[in-house]
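[1] no sequence on this one, just coordinates:
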């Protein structure tokens, strides 16, 4: 059983930055593909970014390309999401997800989910 714990959310002004972290336990982290999704109030959960087990391959939603960066540290069992140039439309609960297969852009590709961390961007 994989346990995922997100941290780093908060309130930030438009144009600011935040770094989210997600620490995994209960499985060999270096064999998991990892992803970040977000869900705004009243909307469906959407893909943000994903990274493969080695960190050698990443993919981003068009809405965050050039602003967000996903990375991982397998020695620390942690995946990160660096978010720059934040805008009010980035406001959402951000979820970390782990895939025991090949996790990319679709929520059904992921097997485990964290509880989420709130990111609020004020204008």
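    Noted; the coordinates are in hand. Please read all numbers here as calculations on a predicted model, not as lab measurements.

[2] can we go C-alpha only for contacts and neighbour counts from here?
    Will do.

[3] just the strands in this structure please.
    Along the chain, counting by DSSP state E, strands occupy 3-7, 10-13, 18-25, 33-39, 46-51, 58-60, 68-73, 78-83, 92-99, 112-113, 117-122.

[4] Ok, which of those strands comes nearest residue 105?
    Among the strands of the chain, the nearest to residue 105 by Cα to Cα is strand 46-51 (5.8 Å).

[5] Tell me which residues are up against that closest one.
    Contacts with strand 46-51, where a contact means Cα atoms under 8 Å, 6 or more residues apart in numbering, come from 33-39, 57-61, 64, 69-72, 103-107.

[6] repeat that with 6 Å
    33-38, 57-61, 104-105 (Cα atoms under 6 Å, 6 or more residues apart in numbering).

[7] Quick check: the farthest pair among the residues you listed?
    Spanning the widest gap among those are 38 and 57, at 20.3 Å by Cα to Cα.

[8] So for these two, which sits in the more crowded spot?
    residue 38 (22 against 12; other Cα atoms under 10 Å).

[9] give me the beta-bridge partners of the residue nearest the centre of the chain?
    With distances taken as Cα atoms, centre = their mean, residue 36 lies nearest the centre of the chain, 2.4 Å away. Beta-bridge partners for residue 36, by DSSP bridges, are residue 49, residue 96.

[10] can you pull the pLDDT of it?
    Note for residue 36: predicted pLDDT of 98.

[11] That one and residue 98 touch, don't they?
    No - here residue 36 does not reach residue 98: they are 9.0 Å apart, not a contact under Cα atoms under 6 Å.

[12] OK, contacts around the residue nearest to the centre of the chain?
    Counted by Cα under 6 Å, 6+ apart, residue 36 has contacts 48, 49, 95, 96.
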